[in-house]
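Undergrad: After the sequence you'll find the predicted model.
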Amino acid sequence: MFYEPKKKNHGLPKNPFNSLVIPRPIGWISSIDLEGVFNLAPYSFFNAVSYSPPTVMFSAGVGTATDKTKDSARNVENTGEFVCNMATWDTRKEMNQSSATLDSGTDEIALTGLTPIPSSMVSAPRIAEAPVHLECKYLKTVEIPGWNEADVYKLIFGEVIGIHIKDEFITEDGLLDIERMKPIGRLGYNDYTKIDANSVFTLNRPK
């Protein structure tokens, strides 16, 4: 089949685009607003974009009908910092719950029963249940032009200035035990995937 995304002429029950760029890592972004209220939300349009300095980005879509800016994006732009927490198989239900559309000012960390803990270099909290935390300093926002006024996408870039890794997930050889962490990724529709011992394989780069 062939279709043009703008014409939406794929003829399928749901837009297949989100099922074509897969799996996508989940940026589980914790932030704090100017009143000190915590916010937590998962973003599957997320990735690392450079190595030195280590930099990540997440794409925040439209907020609500009355406020088109997502709380995460607003908090990051206002405070200049955020934390990316690794979403795992063990925290999948809490991750999903934190994706709910709620009123601004709602503390999703408290709502999901997760545990906020202080960061080392930023004021945004970390999620104690996550095996990895990336403390980030806000760099810039790049707005993606939409087809209409309802399509508002902000790419939020942050430099990773501090990294926490739980010691139990570092092997005796000094490598990360990704199989034990069991991170999850986003597929299309309502589907996800997880990394475990059955899904990891190694390929050596050609010289």
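TA: Received it, and whenever you're ready, just let me know what you need.

Undergrad: For this structure, which segments count as strands?
TA: In the chain, the segments counted as strands under DSSP state E are 24-25, 27-32, 38-43, 46-51, 54-60, 81-86, 116-117, 126-127, 132-144, 153-165, 184-186, 192-194.

Undergrad: Tell me which of the ones you listed approaches Gln97 most closely.
TA: strand 38-43 (9.6 Å; CB to CB). Any C-beta I mention is one placed from the backbone N, CA and C, and that applies to glycine too.

Undergrad: If you count contacts, what does the closest one end up packed against?
TA: Judged by 3 or more CB pairs under 8 Å, 6 or more residues apart in numbering; DSSP states H and E, the packing partners of strand 38-43 are strand 27-32, strand 54-60, helix 71-79, helix 108-112.

Undergrad: shaky segments in the chain?
TA: Scanning the chain for pLDDT under 70 picks out the ranges 63-68.

Undergrad: what residue is smack in the middle of it?
TA: Among the residues of the chain, the smallest C-alpha distance to the mean C-alpha position (CA atoms, centre = their mean) belongs to Gly27, namely 1.3 Å.

Undergrad: who does the residue nearest to that one when sequence neighbours are not counted bridge with?
TA: Using CB to CB, 6 or more residues apart in numbering and skipping the chain neighbours, the partner closest in space to Gly27 is Phe46 (3.0 Å). Phe46 has the following beta-bridge partners by DSSP bridges: Phe58.

Undergrad: Tell me how many other residues crowd Phe46.
TA: Look at Phe46: counted by other CB atoms under 10 Å, it has 20 neighbours.

Undergrad: Which one, of the strands of the chain, ends up nearest to Ala100?
TA: Go through those one by one with CB to CB and the one that ends up closest to Ala100 is strand 38-43, at 9.1 Å.

Undergrad: Please provide the alpha-carbon coordinates for that closest one, formatted as PDB.
TA: Only the C-alpha atoms of strand 38-43 are listed here, as PDB (Å, rounded to 0.1, in the frame of the first residue of the first chain):
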ATOM      1  CA  PHE A  38       5.700  17.800  40.800                       C
ATOM      2  CA  ASN A  39       4.700  16.500  37.400                       C
ATOM      3  CA  LEU A  40       5.400  13.100  35.800                       C
ATOM      4  CA  ALA A  41       4.500  12.100  32.200                       C
ATOM      5  CA  PRO A  42       5.800   9.500  29.700                       C
ATOM      6  CA  TYR A  43       6.800  10.500  26.200                       C
END
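
Undergrad: I'm done for today, thanks for sticking with me.
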